[in-house]
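Q: Got a predicted structure here, sequence first:
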Amino acid sequence: MPLVDIQLIEGVFSPIQKQRMIKDVTEAIVAIEGETMRGVTWVRVNEFASGEWAIGGKPLTTADVKAVQSEPA
(Lines give C-alpha, C1' and ligand atoms only; values in the text may rest on other atoms or scores of the structure.)
Protein backbone atom coordinates (compact mmCIF):
# COMPACT_ATOMS: atom_id res chain seq x y z
CA MET A 1 0.00 0.00 0.00
CA PRO A 2 1.40 3.42 -0.92
CA LEU A 3 2.01 5.90 1.87
CA VAL A 4 2.69 9.47 0.77
CA ASP A 5 3.77 12.13 3.27
CA ILE A 6 3.31 15.79 2.37
CA GLN A 7 5.29 18.06 4.67
CA LEU A 8 4.34 21.72 4.90
CA ILE A 9 4.98 24.77 7.00
CA GLU A 10 1.92 25.58 9.08
CA GLY A 11 -0.26 28.44 7.86
CA VAL A 12 0.89 28.42 4.23
CA PHE A 13 -1.92 26.35 2.70
CA SER A 14 -5.63 26.50 3.46
CA PRO A 15 -7.63 23.44 4.53
CA ILE A 16 -9.20 23.37 1.05
CA GLN A 17 -5.76 23.37 -0.61
CA LYS A 18 -4.57 20.54 1.65
CA GLN A 19 -7.66 18.49 0.82
CA ARG A 20 -6.96 19.05 -2.87
CA MET A 21 -3.37 17.86 -2.39
CA ILE A 22 -4.65 14.68 -0.76
CA LYS A 23 -7.19 14.10 -3.54
CA ASP A 24 -4.78 14.85 -6.38
CA VAL A 25 -1.97 12.69 -4.97
CA THR A 26 -4.42 9.82 -4.52
CA GLU A 27 -5.62 10.27 -8.10
CA ALA A 28 -2.00 10.21 -9.34
CA ILE A 29 -1.37 6.88 -7.61
CA VAL A 30 -4.61 5.45 -9.00
CA ALA A 31 -3.71 6.69 -12.51
CA ILE A 32 -0.39 4.85 -12.33
CA GLU A 33 -1.31 1.68 -10.44
CA GLY A 34 -5.03 1.28 -11.11
CA GLU A 35 -8.32 1.73 -9.28
CA THR A 36 -7.63 -1.15 -6.89
CA MET A 37 -5.02 1.06 -5.17
CA ARG A 38 -7.53 3.76 -4.14
CA GLY A 39 -8.66 1.98 -0.98
CA VAL A 40 -5.13 1.29 0.19
CA THR A 41 -3.44 4.60 -0.66
CA TRP A 42 -2.59 6.65 2.40
CA VAL A 43 -1.79 10.35 2.13
CA ARG A 44 -0.73 12.26 5.24
CA VAL A 45 -0.24 16.01 5.59
CA ASN A 46 2.29 16.90 8.28
CA GLU A 47 2.66 20.53 9.24
CA PHE A 48 5.61 22.10 10.99
CA ALA A 49 5.36 25.30 12.99
CA SER A 50 6.77 28.43 11.40
CA GLY A 51 10.54 28.53 11.98
CA GLU A 52 10.89 24.80 12.73
CA TRP A 53 12.04 24.02 9.20
CA ALA A 54 15.37 25.30 7.89
CA ILE A 55 17.21 25.48 4.60
CA GLY A 56 20.96 25.96 4.72
CA GLY A 57 20.78 26.53 8.46
CA LYS A 58 18.30 29.41 8.11
CA PRO A 59 14.87 28.86 9.69
CA LEU A 60 12.05 29.20 7.17
CA THR A 61 8.91 30.93 8.36
CA THR A 62 5.36 31.11 7.06
CA ALA A 63 6.04 34.73 6.11
CA ASP A 64 9.12 33.69 4.10
CA VAL A 65 7.09 31.18 2.07
CA LYS A 66 4.24 33.61 1.49
CA ALA A 67 6.76 36.22 0.26
CA VAL A 68 8.09 33.74 -2.30
CA GLN A 69 4.54 32.83 -3.37
CA SER A 70 3.76 36.49 -4.08
CA GLU A 71 6.87 37.13 -6.19
CA PRO A 72 6.13 37.66 -9.89
CA ALA A 73 7.07 34.73 -12.11
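A: Looks like it came in fine.
Q: Quick check: mean pLDDT of the longest helix along the chain?
A: Counting by DSSP state H, the longest helix found in the chain is helix 15-33. Taken as a whole, helix 15-33 has a mean pLDDT of 97.
Q: who does the helix or strand following that helix touch, helix- and strand-wise?
A: The first helix or strand that comes after helix 15-33 along the chain, using DSSP states H and E, is strand 42-48. Under the contact criterion of 3 or more CB pairs under 8 Å, 6 or more residues apart in numbering; DSSP states H and E, the helices and strands touching strand 42-48 comprise strand 3-9, helix 15-33. Any C-beta I mention is one placed from the backbone N, CA and C, and that applies to glycine too.
Q: Parallel or antiparallel, list what pairs with strand 42-48.
A: According to DSSP bridges, the neighbouring strands of strand 42-48, each with its direction, are strand 3-9 (parallel).
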